[in-house]
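Chemist: 3D, please:
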Amino acid sequence: MRTTPLAAAVLAIAAVSMGACQQQAAEDKGASPPAASAAPEAKPGMTLSEGRLVLPAVKGNPAAAYFTLANGGKGTVSIAAVAIAGAAKAEVHQTVGGTMSKVDSVDIDPGTNIRFEPGGLHVMAFDLDAGLAPGGTAEVTVTFADGDKLSAPLKLEARGAAMDDMKGMDHSGMNH
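Modeler: A predicted model of the protein is given here:
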């Protein structure tokens with residue numbers, strides 16, 4: 001069998017590429033995982049409790065996240081963003097007088113708690129991963145204006161299990 005110069009060059013490039021891949025794999029095995037994956041992030045002085053994500057009754061609709069944030073620190077902190085694992089996008093919203101609107105930032109004074117709850121402040125989670133199911137958990141990460149973050153688990157609940165979430169909302173204009 002006769003080897004052409006082009007075929008020999010292709011074989012040489014393939015051999016070099018495979019060697020580089022094997023070397024990279026060996027280096028990856030020795031590397032330690034990033035510290036952020038070992039434990040949830042935690043902003044000093046801040047705690048997040050009672051976290052739950054109420055999944056929509058109709059797939060494709062957004063979910064709603066509720067929790068309590070406590071500022072045990074000495075200064076006011078501002079929430080700049082919220083992310084929920086398994087959601088393409090999450091936004092802080094507030095319901096006032098039955099009307100829901102997006103909120104760009106939330107300030108939490110020292111020594112106070114803010115409840116994200118039905119009929120008030122809450123987080124809407126959009127474009128949910130199909131793997132999110134009642135009984136599971138998802139991680140919420142709150143990013144503060146100074147860049148610090150706080151991560152905590154959210155219990156996943158079915159909409160039917162949380163009918164009290166509808167209190168405080170005006171449904172008089174809905175067709176039944």
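Chemist: rest of the way, CA atoms for contacts and neighbours
Modeler: Fine.
Chemist: mind splitting the chain into its structural domains?
Modeler: As given by automatic domain parsing, the domain ranges for the chain are 5-31, 39-166.
Chemist: the bottom helix or strand of the chain by mean pLDDT?
Modeler: helix 35-38 (a mean of 36; mean pLDDT, DSSP states H and E).
Chemist: before we move on, the earlier item: which one of the domains of the chain has the lowest average pLDDT?
Modeler: Lowest mean pLDDT within these: domain 5-31, at a mean of 40.
Chemist: tell me how many other residues surround residue 91.
Modeler: Close neighbours of residue 91, defined as other C-alpha atoms under 10 Å, add up to 20.
Chemist: which strand residues bridge it?
Modeler: Taking DSSP bridges as the rule, residue 91 bridges to residue 124.
Chemist: and if you look at residue 106?
Modeler: Residue 106 has these beta-bridge partners by DSSP bridges: residue 79.
Chemist: pretty sure it sits against residue 76.
Modeler: No: here residue 106 lies out of contact with residue 76, judged by C-alpha atoms under 8 Å, at a distance of 10.2 Å.
Chemist: between those two, which has more neighbouring residues?
Modeler: Here residue 106 and residue 76 are set side by side on neighbour count (other C-alpha under 10 Å), and the busier one is residue 106, at 16 against 13.
Chemist: so how far is residue 44 from that one?
Modeler: 18 Å (C-alpha to C-alpha, to the nearest Å).
Chemist: and for residue 67?
Modeler: Relative to residue 44, residue 67 is positioned 18 Å away (C-alpha to C-alpha).
Chemist: which one of these two has more residues nearby?
Modeler: Of the pair residue 67 and residue 44, residue 67 is the one with more neighbours under other C-alpha under 10 Å, namely 21 against 12.
Chemist: how close does the nearest residue to residue 62 once chain neighbours are set aside sit to residue 115?
Modeler: Spatial nearest neighbour of residue 62, chain neighbours left out: residue 126 (4.7 Å); criterion: C-alpha to C-alpha, 6 or more residues apart in numbering. Separation of residue 126 from residue 115 (C-alpha to C-alpha): 21 Å.
Chemist: cool, thanks, talk later.
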